[in-house]
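1. Based on what follows, work out the 3D shape:
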Amino acid sequence: MDIDFSIEEVVKKRYSVRNYKDVKIESEKINEIKVFIDSLDNPFGKEVDFHLFHMEDSNEKKKLGTYGVIKGAKNYIGTTIKLEPMTLEALGYEFEAVVLYLAHLGLGTCWLGGTFDRKGFAHAMNIKEGELLPIISPYGYAAEKKHIKELAMRKMIKADYRKNWNELFFMKDFNTPLSIEDAGDFAFPLEMVRLAPSASNKQPWRVVVENNVLHFYEQKEPGYSDVFPYDIQRVDLGIAAAHFDFSVKQKGIKGQFKIESPSEITLPKNIEYAFSWIKD
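-> The predicted model follows:
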């Protein structure tokens, strides 16, 4: 997978688009998207399958819905996995790569994990039995104006708000917040993590920096994932991993992800270890 565009630029211009223009996406761009998707991989070694879907090609278009959240969208991307350890993180990583690439192409997207007709989309996308469809996203050209429900939703989830550094990043343990100055070469990648999207904008990732090792944790929201047969916040951890990985690579910092939980770090309530990144 080749990220040949500025991560900082697309991260800062991307936002969740819920109202789309009635404009057809150029065939050249559709081909570029397919080529990019074919090039995808993830550091967790798990398989993630993508499904491109055009609403006008389906006989079930009137039955498919997003509960009024999305207006005007005709193109969708769906992702499927087999539910195994680290597959949700792998999905988040690869799907965010696509979202950023679409932003690079000037196309809008919107992560949907709960507000879509899962059964209907699964049937329309010919999802095989045993495959899980956790996430879809519309994609297309954003309308000039946001519709009323979109404005209300952005206000409700505080879409433009991001947590401060001292709430997300720590040095050696969870008692010592990490300053931007102490982050050194990791300051930019961690800032890109801070700006990453997440379900309901909860930003459930926490990072403890210990020399050249960064441990990623999930701040679990009690009851939040109870409506799903999986922990949907693990997808958010994959998004955070993508922002971090793409950023360190663009800065020429080499390293790799590993599952290597530090036993000496005392964990606060509702904090769960996810994975680590180790500098070469």
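2. Find the nearest non-adjacent residue to residue 131, please.
-> Excluding its sequence neighbours, the residue lying closest to residue 131 (Cβ to Cβ, 6 or more residues apart in numbering) is residue 80, at 4.2 Å. Placement of C-beta: from N, CA and C, glycine included.
3. Tell me the secondary structure at residue 240.
-> Secondary structure state of residue 240, per DSSP: H, G, I helix; E, B strand; the rest coil, is helix.
4. Rank the helices and strands of the protein by mean pLDDT and give me the bottom one.
-> The helix or strand of the chain with the poorest confidence is helix 148-156; it has a mean of 68 (mean pLDDT, DSSP states H and E).
5. re earlier: the residue nearest to residue 131 touches residue 51, doesn't it?
-> Yes. Using Cβ atoms under 8 Å, residue 80 is in contact with residue 51, at 6.8 Å.
6. Need the residues touching each of the two.
-> residue 127 (Cβ atoms under 8 Å, 6 or more residues apart in numbering).
7. just to revisit the earlier point, which elements pack onto the helix or strand where the residue nearest to residue 131 lies?
-> Under the criterion of DSSP states H and E, residue 80 resides in strand 75-81. For strand 75-81, the contact count by 3 or more Cβ pairs under 8 Å, 6 or more residues apart in numbering; DSSP states H and E identifies strand 49-54, helix 87-104, helix 118-124, strand 132-140 as packing neighbours.
8. And it, what's buried?
-> 75-81 (16 or more other Cβ atoms under 10 Å).
9. and those residues as TSV, adding distance to residue 5?
-> TSV is the format used below for the buried residues of strand 75-81 (distance: Cβ to Cβ, whole Å):
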residue	distance to residue 5
75	21
76	23
77	18
78	24
79	21
80	26
81	26
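10. who touches the residue nearest the centre of the chain in this structure?
-> Residue closest to the mean C-alpha point of the chain, counted by Cα atoms, centre = their mean, is residue 239 at 3.7 Å. Residues counted as contacts of residue 239 (Cβ under 8 Å, 6+ apart) are 92-93, 95-96, 196-198.
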